[in-house]
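K.L.:
got a predicted model here, sequence first, then my questions.
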Amino acid sequence: MTGLWNSLAALLAGDGQADRVVPPTGYTARLTVFTAGAMAFLAVFALALALATGRLADRWSSELARTATVRISAPEGQMDAQARAVLEVLRTTPGIRASRRLDDAEQRALLEPWFGPDLPLDNLPIPQLIEVTEDANGPDIEGLRLRLAAEAPGAVFDDHTRWRRPLVEAAGRLRALAAFAIGLIALSTAAMITLAANSALAANATVISVLRLVGARDTYIARAFVRRFTIRAFAGASFGTAVALAAVLFLPEAAQEGAFLTGLGFQGWHWVIPALIPVLAAMVAFLATRRAAFRTLRGVS
Amino acid sequence: MIELENAAFSYGGGDILTELNLRLAPGSFHFLTGPSGSGKTTLLRLAYLQLAPSAGNVRIFGNEVGSMTRDQVAATRQRIGIVHQDCQFLDHLDVAENIALPLKVSGRDAVAEQANLSELLSWVGLANQKDALPPQLSGGERQRAALARAIIMSPDVIIADEPTGNIDWEMALRLLHLLTELNRMGKTILIATHDLNLIRNAKAQVSARVLRIHNRRLQLAGADL
């Protein structure tokens, strides 16, 4: 661990002479920069997806969690009496901020997407709906259900759990998938940089052998490679992140109807998070190259 | 300084060298001779830790080779100057940078050592070639540059593997003169060569022991040398 920190400190301090000892290898440099850039670009979008689905899950969760519906199915003659009883129960229940009986026009509007505008509501046994708004604490659901059963046998309290749970679960899974994608991107970056580093180490086998011969320690030799690949990964990832952020910035404005698709961006302080991607790419490159370098050096006497 | 005690080296199941006993005392001058393929380079590689013995002991500056860490090996090599037949330069660095390489890798300030470097370049006659790249040097210049790199850290021991193999006789004598001069300064010298004329010439200048590898074993050469 101390060796790792010493390597990191030496990396930040820099050593122009050590860098010069190892000749630059053109295609591994380009491969590293390109890989880091492309992976950072993808990581920004995966991050945006993770954050957007997180926001969506929170919004669905909070919006649906604070509302509930009481549905009353009762014979024509008892509907009003049971509705009044329900409203009274709700009024006297702690945790309920407001309750309101939906009028015919509102109920018709709810059914209109399925049955059209000419629905003869008067001729159909449509249940009466009561919209309930909860306060921050919410009611004792089981107690409320028992009271409703006693006062209005046709009333069913629906706290939206069966709607909310799958939506929130779906959003949560999307977020987990996005996080998994970020993990895969990090692993792919590490694999590509390891390949490039191994290629550079193989191309410089003679240099490494001469350096060992004149008394260079493994850390000295590794540092020249590690520093180079870390800087390349940081530069490539910075470019990829900047391009991806510009692309996100110029996505169409979020509209209510398509908020999920068009809301795939960053909000508020979340814009700072992508700035960590080049740093993480540099760390991945640092660890991958260091591991590859020491593994190669173990084979050099 | 360098001691081999019943050391052996095997490769692919066959013995390359066996029952090696050698002690390089401080300030001594040794030649190692033998036909091509007899194992001279292998013995030198055992002496500068590029190979580990398959049996017996090799001690360098009092430390058992088998128990050294890689960092200790590196630190030990900083006390041994090595001249290879093919010189082993980094072709993208100029002559001065190649010679200063041991300073750089040991963490010493190459800029602060600039005066020493200039002096050394003059001593080996390469002051005018210091900015040249290794492929631009002649065979003799390369060998002298390799010698300069081997001694820039002021090592206790200098090991040279066929240092005159690729150069003409005049240049070989010049190189030998530099090595005998270093020996007079107190450096321990071990040279592998099959050039008997070089050995005879050296013996006229310094007190040198000649060792020969025969039948995979090390023995003192006869009086004819």
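P.N.:
Looks like it arrived, so ask away. Numbering: from 1, shown residues only, chains lettered A, B, ... in the order given.
K.L.:
could you look up the SS state of A:P94?
P.N.:
Here A:P94 is coil, with the state taken from DSSP: H, G, I helix; E, B strand; the rest coil.
K.L.:
make sure it is actually in contact with A:P139.
P.N.:
Yes. Using Cβ atoms under 8 Å, A:P94 makes contact with A:P139 at a distance of 6.6 Å. Where C-beta positions appear, they are placed from N, C-alpha and C, glycine not excepted.
K.L.:
and the residue of the stretch 1-150 of chain A found nearest chain B, how far is that from A:A200?
P.N.:
Relative to chain B, the nearest point of the stretch 1-150 of chain A is A:P23 (4.4 Å; Cβ to the nearest Cβ). For A:P23, the distance to A:A200 equals 10 Å [Cβ to Cβ, to the nearest Å].
K.L.:
more neighbours, those two?
P.N.:
Neighbour count, other Cβ atoms under 10 Å in any protein chain shown: between A:P23 and A:A200, A:A200 has more, with 25 against 14.
K.L.:
what is the helix ranked longest in chain B packed up against?
P.N.:
In chain B, assigned by DSSP state H, the helix with the most residues is helix B:169-184. Counting by 3 or more Cβ pairs under 8 Å, 6 or more residues apart in numbering or on different chains; DSSP states H and E, the packing neighbours recorded for helix B:169-184 are helix B:139-151, strand B:157-161, strand B:188-192, helix B:196-203.
K.L.:
quick one, the longest one and strand B:157-161 angle?
P.N.:
Interaxial angle, helix B:139-151 versus strand B:157-161 (axes from the mean of the first three to the mean of the last three Cα atoms, to 10 degrees): 150 degrees.
K.L.:
any idea which helix or strand in chain B has the lowest mean pLDDT?
P.N.:
When each helix and strand of chain B is scored by mean pLDDT, DSSP states H and E, helix B:114-123 comes last, with a mean of 86.
K.L.:
need the contact partners of it.
P.N.:
Contact with helix B:114-123 is made by B:V95, B:A96, B:I99, B:A100, B:L103, B:A110, B:A127, B:K130, B:A148, B:I151, B:I152, B:L178, as judged by Cβ atoms under 8 Å, 6 or more residues apart in numbering or on different chains.
K.L.:
one more time with 7 Å, if that's ok
P.N.:
Helix B:114-123 is contacted from outside by B:A96, B:I99, B:A100, B:A127, B:K130, B:A148, B:I152, using Cβ atoms under 7 Å, 6 or more residues apart in numbering or on different chains.
K.L.:
could you report the neighbour count for the last one?
P.N.:
B:I152 has 23 neighbours, counted by other Cβ under 10 Å.
K.L.:
the third one too?
P.N.:
Burial of B:A100, expressed as a neighbour count using other Cβ under 10 Å, amounts to 25.
K.L.:
check A:E106 too.
P.N.:
If you count neighbours by other Cβ under 10 Å, A:E106 ends up with 12.
K.L.:
from A:S99, how far off is the closest residue in space to it that isn't next to it in sequence?
P.N.:
Nearest residue to A:E106 in three dimensions, chain neighbours excluded: A:L129, at 8.0 Å (Cβ to Cβ, 6 or more residues apart in numbering or on different chains). Here the criterion is Cβ to Cβ. By it, A:L129 lies 11 Å from A:S99.
K.L.:
could you say which helix or strand holds the residue nearest to A:E106?
P.N.:
strand A:128-134 (DSSP states H and E).
K.L.:
run the chain-centre distance for that strand.
P.N.:
Using Cα atoms, centre = their mean, to the nearest Å, the mean C-alpha position of strand A:128-134 is found 33 Å from that of the whole chain.
K.L.:
show me which residues of chain B sit near chain A.
P.N.:
Proximity of chain B to chain A (Cβ under 7 Å from any Cβ of the partner chain) is limited to residues B:50-51, B:70-71, B:74, B:77-78, B:82, B:88, B:90, B:92, B:101-102, B:104-106, B:110, B:149.
K.L.:
hmm, back to that, turn the contacts of helix B:114-123 into TSV, columns for distance to A:D218 and secondary structure.
P.N.:
Listed next are those as TSV, based on distance: Cβ to Cβ, whole Å; DSSP: H, G, I helix; E, B strand; the rest coil:
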residue	distance to A:D218	secondary structure
B:A96	26	helix
B:I99	23	helix
B:A100	21	coil
B:A127	34	helix
B:K130	30	coil
B:A148	26	helix
B:I152	22	coil
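K.L.:
for ChimeraX, write the selection for the buried entries among the residues you listed.
P.N.:
In ChimeraX, this line selects whichever of the contacts of helix B:114-123 come out buried by 16 or more other Cβ atoms under 10 Å in any protein chain shown:
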select /B:96,99,100,130,148,152
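K.L.:
center of chain B - which residue?
P.N.:
Closest to where the C-alpha atoms of chain B average out (Cα atoms, centre = their mean) is B:I159, at 1.7 Å.
K.L.:
so that residue touches B:A192, yeah?
P.N.:
No. B:I159 is beyond contact range of B:A192, at 8.1 Å (criterion: Cβ atoms under 7 Å).
K.L.:
list residues touching both of those two?
P.N.:
Here B:I159 and B:A192 have B:L44 as joint contacts, going by Cβ under 7 Å, 6+ apart.
K.L.:
assumed B:I213 was part of a strand.
P.N.:
Yes. Using three-state DSSP, the assignment for B:I213 is a strand.
K.L.:
list the residues that contact it.
P.N.:
With Cβ under 7 Å, 6+ apart, B:I213 has these contacts: B:G34, B:S38, B:G39, B:K40, B:L43.
K.L.:
quickly find the element holding the nearest residue to the third one once chain neighbours are set aside.
P.N.:
Right, the one you point to is B:G39. Closest residue in space to B:G39, ignoring its immediate chain neighbours: B:L17 at 4.7 Å, by Cβ to Cβ, 6+ apart. Secondary structure from DSSP H and E places B:L17 in strand B:14-24.
K.L.:
what angle sits between the helix or strand that that strand is followed by and strand B:157-161?
P.N.:
Moving toward the C-terminus from strand B:14-24, the next helix or strand (DSSP H and E) is strand B:29-33. Using the same axes, to 10 degrees, the inter-axis angle of strand B:29-33 relative to strand B:157-161 is 20 degrees.
K.L.:
indicate each strand paired with strand B:29-33 and its parallel or antiparallel sense.
P.N.:
Applying DSSP bridges, strand B:29-33 is found paired with strand B:188-192 (parallel), strand B:209-214 (parallel).
K.L.:
tell me which residues of the last one come out buried.
P.N.:
Of all the residues in strand B:209-214, those buried under the rule 16+ other Cβ under 10 Å are B:R209, B:V210, B:L211, B:R212, B:I213.
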